[in-house]
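Chemist: I'll drop the sequence and a predicted model, then ask my questions.
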Amino acid sequence: MSSILQQTSAVLAGEGVARIDGFDVHELGLDTVRLHDITAVAGFGLPVGLLIAFSFDQTLLGDILDKATAALPVPEEERELYLRETAAEVVNTVLGLCTADFQLKETAVSLSPPVVMEGARSIQRRGDAVFASMDIHTDKGAVSVNLFGPRHLFDDRLNYRH
C-alpha cells in the first residue's frame, strides 16, 4: 500500500496538478468500500493477485485533464470521454511505477488494462475477500485507492464472481 500511496502522490504533485494535503489509510478489515463518480480498476496478476480501484472526485479528475490538455482544446461534447481516459492513464502510470517497488527478481507481474466505471456505488465485503483503502486529499479534491483481493473473487467491474 505504501508504494501505491507514494506513487499516486508523486504523480499528482509531480505533474503540478495538485498539492497533497493529507492521507487517510484504512488498512485491512474494512467491510464496505464506497466508490466515487469515476473509478478506474486495474489488476496485478500473480504473485501479487490484487485488483486496485482508483476512485476520483470529479473536480480532481477535471483538473488533471485540464493540466494535461492545457494547449489543446477539448470539445465539450467529448469531455466525459476525456475524463474517463484520463482516469485510465493515471492508473496505468501509477501502477506501472509500482511494479519496480515489488522487487520480484526474475518474476513477471502482469497488469490488466484499466476498466473505467461511472457512478457512485458501495461494495460489501463477503467471504474470503479482503479490502484495504486509502484516501489521498489534495487541494483539488480526493482520490480513494482501494485494494481488493484475492483477485479471483472479482471481475474487472468489481462484481463478485459466482
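Modeler: The structure has been received and is ready for your questions.
Chemist: now the worst-scoring helix or strand of the chain on mean pLDDT: how far from the chain's centre is it?
Modeler: Averaged element by element with mean pLDDT, DSSP states H and E, the chain has its least confident helix or strand at strand 121-124 (a mean of 84). In this view, strand 121-124 has its centroid 16 Å away from the chain centroid, taken as CA atoms, centre = their mean, to the nearest Å.
Chemist: and what of stretch 56-74?
Modeler: So, by CA atoms, centre = their mean, the centroid of stretch 56-74 is 16 Å from its chain's centroid.
Chemist: in this protein, what spans have low per-residue confidence?
Modeler: Counting by pLDDT under 70, the ranges of the chain that qualify are 1, 15, 27-29, 104, 151, 153-154, 156-162.
Chemist: could you rerun that using 80?
Modeler: 1, 15, 26-30, 45-49, 100-109, 150-162 (pLDDT under 80).
Chemist: for it, what's the longest helix?
Modeler: If you go by DSSP state H, the chain has its longest helix at helix 79-99.
Chemist: pull out the buried residues from that one.
Modeler: 82-91, 94-95, 97-99 (16 or more other CB atoms under 10 Å). Where C-beta positions appear, they are placed from N, C-alpha and C, glycine not excepted.
Chemist: does Val17 count as helix, strand or coil?
Modeler: Classification of Val17 using DSSP: H, G, I helix; E, B strand; the rest coil returns coil.
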